[in-house]
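>>> Need coordinates for the following:
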Amino acid sequence: MMAPTSLNLPPRLKEEAEQWATRQGVSLDAFVLWAVAEKIGELKQGLDDSRFPRITYRRGASGQPIPVVRGTAIRVQTLAVESQDWQMSPAEIAEEHGLSLEQAQEALSFYQAYRAEIDASLAVEQQLESSHASPPLPRIAVSSPST
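Reported below is the predicted structural model:
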């Protein structure tokens, strides 16, 4: 059960929060809840790197912390794949995900700083995906009816 809480925000902060909520496709209430939960998680874990203020961590489905662009659910590794494998520029990545150019650039810089860990995480994900992939369907010979 959620406890109702009244929150007074400076007008400019409220306006920016509403804009970000809209960009993320959530209500202002959900965005504020998300931001507070993210901040508390950050403080509890102490994982954030002060060199990358636009990057934080979220717990993934496995329970492991995953680096994401702060205020979004966009994983750094997703942006790294787009840059490395798909040859997308930071500007293209930013446009694709509704991020600022600075957010995209910082995520890619974060990837470079933590490349070994992020690449290892990607390898594990790919291994899990391939082990859970369905085997190809057998081919069935279809003969035409005899006349």
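
>>> residue ranges with poor pLDDT in the protein?
Residue ranges of the chain with pLDDT under 70: 1-2, 41-45, 62, 131-147.

>>> Residue 39 versus the residue positioned nearest the centre of it, what's the distance?
The residue lying closest to the centre of the chain (C-alpha atoms, centre = their mean) is residue 74, at 2.0 Å. Distance of residue 74 to residue 39, computed by C-beta to C-beta, to the nearest Å: 18 Å. Glycine gets a C-beta too; all of them are placed from N, C-alpha and C.

>>> Residue 82: how many residues sit nearby?
19 (other C-beta atoms under 10 Å).

>>> check which helix or strand covers it.
Take DSSP states H and E as the rule and residue 82 turns out to sit in helix 76-84.

>>> What is that helix packed up against?
Judged by 3 or more C-beta pairs under 8 Å, 6 or more residues apart in numbering; DSSP states H and E, the packing partners of helix 76-84 are strand 65-69, helix 90-97, helix 101-113, helix 115-131.

>>> Send me the second one as CSV with only the CA atoms.
This file holds the C-alpha atoms of helix 90-97, laid out as CSV (Å, rounded to 0.1, in the frame of the first residue of the first chain):
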residue,chain,number,x,y,z
PRO,A,90,26.2,9.5,-30.1
ALA,A,91,23.8,11.9,-31.7
GLU,A,92,21.9,9.0,-33.4
ILE,A,93,21.8,7.1,-30.1
ALA,A,94,20.5,10.2,-28.3
GLU,A,95,17.8,10.7,-30.8
GLU,A,96,16.8,7.1,-30.9
HIS,A,97,16.3,7.0,-27.1
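
>>> Cool, thanks, talk later.
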